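1. next one to model:
(one chain, ligands or ions: 1)
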Amino acid sequence: MKIVTVVGARPQFIKAAAMSRVLRAAHEEVLVHTGQHHDPQMSDVFFRELHIPRPDYDLGIAGGTHAQMTARMLTAVEDVLLKEKPDALLVYGDTNSTLAGALAAVKLHIPVLHVEAGNRLGTMANPEEVNRILTDHMAAMLFACVPSAMAELAREGLGERAFWVGDPMLDAFRYYSAQTGGKPQGALPGLDGQPVTLPKRFYYLTCHREENTRDDAALSQILLAMEGLPYPTLYPVHPRNRDAALRLRESLGLRHVTLLQPIGYLDSVALVAGAERVVTDSGGVQREAFFAGVPCVTVFDYAVWPETMAGQCNVLATPDAADIARKLTLTPIWPQEGNPFGDGHACEKVVALLDTRF
Ligand code: UDP
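-> Numbering: from 1, shown residues only. Got it, this is the predicted structure:
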């Protein structure tokens, strides 16, 4: 069958890397890159490093308000679908690219396949929540990473279309970690352009959610918490808060937090696995910490991945230095049996389910 896949943001490139390898063995895939993340460090590095096939269509749509971006993607994806006439459209996660792809397809009666379906925060104030809910309700097949997502889909009356396959991020994590030997590829790229040598012991920080980057208040608390820890922190800075990070490094006089440019996936998973602890607001990074058995503090109000939170392996913190510091001292109890994120073969399960349906 012919499938159009729409991706646009960093975490979607990683999932597509795992899925495309399996999908293309049996089916024809047309890859559309909306352009939501487009620069060399947020896009090109993933295509190169993870050997993702070159996009067949590069729509070059980035920036603007949520509505402007989504609207431009909607019409551009519709043009592709009218030309390609696929049997189905595949989207991942919860970005504006996900929503635009699904909406364009469903109006053309093209079945939508949604990977990473069913995660819920319970608040429409979160921009990604809107995308998740709408995409799930438009989809013909819903592929959930974890049992809690299956339960949410059942609660919303979508249970019959939903399948628990596991998490393609675990597929990617296992496949690519095996290639890195657990070490970054070389010196890390400092935000000022200088190479950074890997410290023996370190913490790993990522932060990019709209909720934590609207103004300097949340990020400054997170940075102050990291500054007070016994080992240095490595922090690849998302383009969204580059200016704020540089400003706060000066005004807070940070000496133990090393700002890096956004790094490639292979380095990122190596740093997750090598860290003493991880502090993040990223959905992907908190799962990777869980996969690697590294304790994590998630600076966010909602448990998007409740399975990671059993035994305090991952704990929520408010953007408050004292709260983050206290949560970083907790001792987790790691679950002994069964991985709620599957067996590292989620992508094979998705493709097998497509074969039964189409
Ligand atoms: N990541 C990366 N480089 C970085 C920071 C993160 O490759 O500088 C990886 C990280 O390991 C994870 C993914 O990007 O695999 C998470 O993406 P992001 O945090 O942008 O999105 P989210 O998961 O929150 O949707």
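2. any residue of stretch 246-263 touching the ligand?
-> Yes - using CB under 6 Å from any ligand atom, we find that stretch 246-263 touches the ligand at P262, I263. (Glycine included, C-beta is placed from N, CA and C.)
3. in that stretch, which residues are buried?
-> L248, R249, L254, H256, V257, T258, L259, L260, Q261, P262, I263 (16 or more other CB atoms under 10 Å).
4. can I get those residues in a markdown table including distance to K85 and pLDDT?
-> Below are those laid out as a markdown table (distance: CB to CB, whole Å; pLDDT from 0 to 100):
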| residue | distance to K85 | pLDDT |
| --- | --- | --- |
| L248 | 50 | 97 |
| R249 | 52 | 97 |
| L254 | 54 | 97 |
| H256 | 56 | 97 |
| V257 | 51 | 98 |
| T258 | 50 | 98 |
| L259 | 47 | 98 |
| L260 | 44 | 98 |
| Q261 | 41 | 97 |
| P262 | 36 | 97 |
| I263 | 39 | 96 |
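5. among the residues you listed, which are located in strands?
-> V257, T258, L259, L260 (DSSP state E).
6. which of those lies closest to the ligand?
-> Of all these, L260 has the smallest distance to the ligand: 7.2 Å, by CB to the nearest ligand atom.
7. what's opposite the closest one in the beta bridge?
-> Judged by DSSP bridges, the bridge partners of L260 are G190, P236.
8. burial of M124, as a residue count?
-> 9 (other CB atoms under 10 Å).
9. what sits against it?
-> Contact partners of M124, counting by CB atoms under 8 Å, 6 or more residues apart in numbering, are V130.
10. ramachandran coordinates for it?
-> phi -80, psi 0 (degrees, to the nearest 10).
11. can you give me the pLDDT of it?
-> What the model reports as pLDDT for M124 is 94.
12. mind checking how far P86 is from T206?
-> 34 Å (CB to CB, to the nearest Å).
13. how about the helices in this structure?
-> Counting by DSSP state H, the chain has helices at residues 10-26, 45-49, 66-84, 96-107, 127-138, 147-155, 168-180, 210-213, 216-227, 242-251, 265-274, 283-292, 321-327, 346-357.
14. which parts of the first one are buried?
-> Neighbour-count burial for helix 10-26 flags 10-23 (criterion: 16+ other CB under 10 Å).
15. and the residues you listed near the ligand, which?
-> Among those, the ligand is touched by R10, P11, I14 when using CB under 6 Å from any ligand atom.
16. would you turn those residues into CSV with pLDDT?
-> CSV is the format used below for those (pLDDT from 0 to 100):
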residue, pLDDT
R10, 95
P11, 96
I14, 97
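17. output these as TSV; include the columns distance to D355.
-> Below are those laid out as TSV (distance: CB to CB, whole Å):
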residue	distance to D355
R10	29
P11	26
I14	24
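18. near the ligand, which residues of the stretch 1-150 of the chain?
-> Near the ligand, when you scan the stretch 1-150 of the chain using CB under 6 Å from any ligand atom, you find R10, P11, I14.
19. again, only using 8 Å
-> Counting by CB under 8 Å from any ligand atom, the stretch 1-150 of the chain comes close to the ligand at A9, R10, P11, I14, Q41, V45, F46, G93, D94, T95, E128.
20. contacts made by the helix or strand bottoming out on mean pLDDT in the chain with the rest, please.
-> Every helix and strand in the chain was compared by mean pLDDT, DSSP states H and E; the lowest is helix 210-213, with a mean of 90. Outside helix 210-213, the residues that touch it by CB under 8 Å, 6+ apart are 126-127, 207, 218-219, 222, 238, 240-241, 244, 281, 299-301, 319.
21. buried ones in that helix?
-> For helix 210-213, by 16+ other CB under 10 Å, it's N212, T213.
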